[in-house]
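1. My questions are about this predicted structure, shown below with the sequence.
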Amino acid sequence: MGTYPVIPGHEFGGEVVETGAGISRFKCGDRVAVEPNIACDNCANCLNNRQNFCLNWKAIGVTLPGGMAEFVVAPEKAVFHIGNLPFEEGAFVEPLSCVLHGVGRADPELADRVAILGAGPIGCLLLQVIRLRGACEVTMVDKNPSRLESARALGADACLESLDQLKPDYFDLVVDATGSVKVMSRAIDFARYGGKVLLFGVPPAGQNMSVEAFPIFRKGLTILSSFTSVRNSQQAVDLLVSGRIHVAELISHRLPLEDFQHGIELIEGGLENVRKVMIFPEQ
């Protein structure tokens, strides 16, 4: 969503090097992660605990200068202590907080059978959080075998390379983590009668889904979406620090800032079994 000349980078951690007047929770040297979404706390949505739909929304790395630089400014309310957690793992606070919000909306129950479409970093975070919620069976689908290997190591019960291998009308919850409208359009096929579908992946703007309406009605499905997060950052920090959520395995590349362009090319081209690319501005 951010455009030039805004410095990108909305998933990051770092060290506090300076604090402004009136700051009480932090001092120089503290190791922190940042929640990039900044709500005004005063509009109609914020006052009704819908800060993720703030009418005056700002975001570090999107509308404000972001983390792909040596220094970045963040308001105190958007900063969280990470203790001894490595900075590259602290960078997962933002995506994990979004996952926690999405899983909270889907509200999986104990012993649910869940299918996650897409085994990239977000899919693997969804896998772990849904496991913590008590799912008895989690099936991952991805066309990339190396990503499926990661998913299997993180606790997936079954790993499939094609949607055609999934059981139709079987899963209590189906989660799209691809953002592909073609995949999203098929998600309802695999949900059981009375089941749920969570559209979590971010689709391209301007593209339409093609979904037959009658099966949604006949199966009594609940279809949900999820946008950013609402007060989930401290939960994300606690889960990362506790070791209940593993993210080091999701990092495939660690690059200095001067190789930023190469990191973008890796991601856009799907090269070298890319997962998360971490940029270290200080190196």
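-> Received, thanks. Residues are numbered from 1 along each chain as shown.
2. Now tell me what touches stretch 95-109 from outside.
-> 11, 35, 52, 114, 121-122, 125-126, 129-130, 133-135, 172-173, 175, 196, 198, 200, 224, 226, 228-230, 232-233, 235-236, 239-240, 245, 247 (CB atoms under 8 Å, 6 or more residues apart in numbering). Backbone N, C-alpha and C define where each C-beta goes, glycine included.
3. quick one: which of these sit in helices?
-> If you go by DSSP state H, those have 121, 122, 125, 126, 129, 130, 233, 235, 236, 239, 240 in helices.
4. got the contact list for the fifth one?
-> With contacts taken as CB under 8 Å, 6+ apart, residue 129 has the following neighbours: 96, 99, 100, 103, 239, 245.
5. What's the local residue count around the third one?
-> A total of 24 residues lie near residue 100 under the criterion other CB atoms under 10 Å.
6. Quickly find the element holding it.
-> Assigned by DSSP states H and E, residue 100 belongs to helix 93-106.
7. Report the distance from that helix to the chain centre.
-> Averaging C-alpha positions (CA atoms, centre = their mean, to the nearest Å) puts helix 93-106 7 Å from its chain's average.
8. Might you list the low-confidence residue ranges for the chain?
-> 1, 283 (pLDDT under 70).
9. how far does the strand of greatest length in it sit from the chain's center?
-> Secondary structure of the chain read by DSSP state E shows that its longest strand is strand 191-199. Centroid separation for strand 191-199 versus its chain: 20 Å, with CA atoms, centre = their mean.
10. Ok, stretch 221-237 next?
-> The answer for stretch 221-237 is 9 Å, by CA atoms, centre = their mean.
11. Check stretch 200-210 too.
-> That offset, for stretch 200-210, works out to 16 Å (CA atoms, centre = their mean).
12. And for stretch 89-103?
-> On CA atoms, centre = their mean, the centre of stretch 89-103 falls 5 Å from that of its chain.
13. Over to stretch 81-97?
-> 13 Å.
14. could you redo the ones in helices among the contacts of stretch 95-109 as TSV and give each row distance to residue 187?
-> Supplementary listing: the ones in helices among the contacts of stretch 95-109 in TSV, determined by distance: CB to CB, whole Å:
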residue	distance to residue 187
121	20
122	15
125	18
126	13
129	18
130	15
233	28
235	26
236	25
239	26
240	28
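15. Pick the one among those closest to residue 140.
-> Nearest to residue 140 out of the ones in helices among the contacts of stretch 95-109 is residue 126 (CB to CB; 9.3 Å).
16. Give me the neighbour count for that closest one.
-> The burial count for residue 126: 31, using other CB under 10 Å.
17. mind listing what it touches?
-> Residue 126 neighbours (CB under 8 Å, 6+ apart): 99, 102, 103, 116, 175, 177, 200.
18. how close does the first one sit to residue 131?
-> Which is residue 99. 12 Å (CB to CB, to the nearest Å).
19. likewise residue 31?
-> 28 Å.
20. between these two, who's got more neighbours?
-> Ranked by neighbour count (other CB under 10 Å), residue 31 and residue 131 place residue 131 first, with 19 against 16.
21. Quick check, the more buried one in contact with residue 155.
-> Yes. Applying CB atoms under 8 Å as the test, residue 131 and residue 155 come out as touching, 5.3 Å apart.
22. overlap in contacts of these two?
-> With CB under 8 Å, 6+ apart as the test, residue 131 and residue 155 both reach residue 138.
23. Flag every buried residue along stretch 189-204.
-> Neighbour counts over stretch 189-204 (16 or more other CB atoms under 10 Å) mark 189, 190, 191, 192, 195, 196, 197, 198, 199, 200, 201, 203 as buried.
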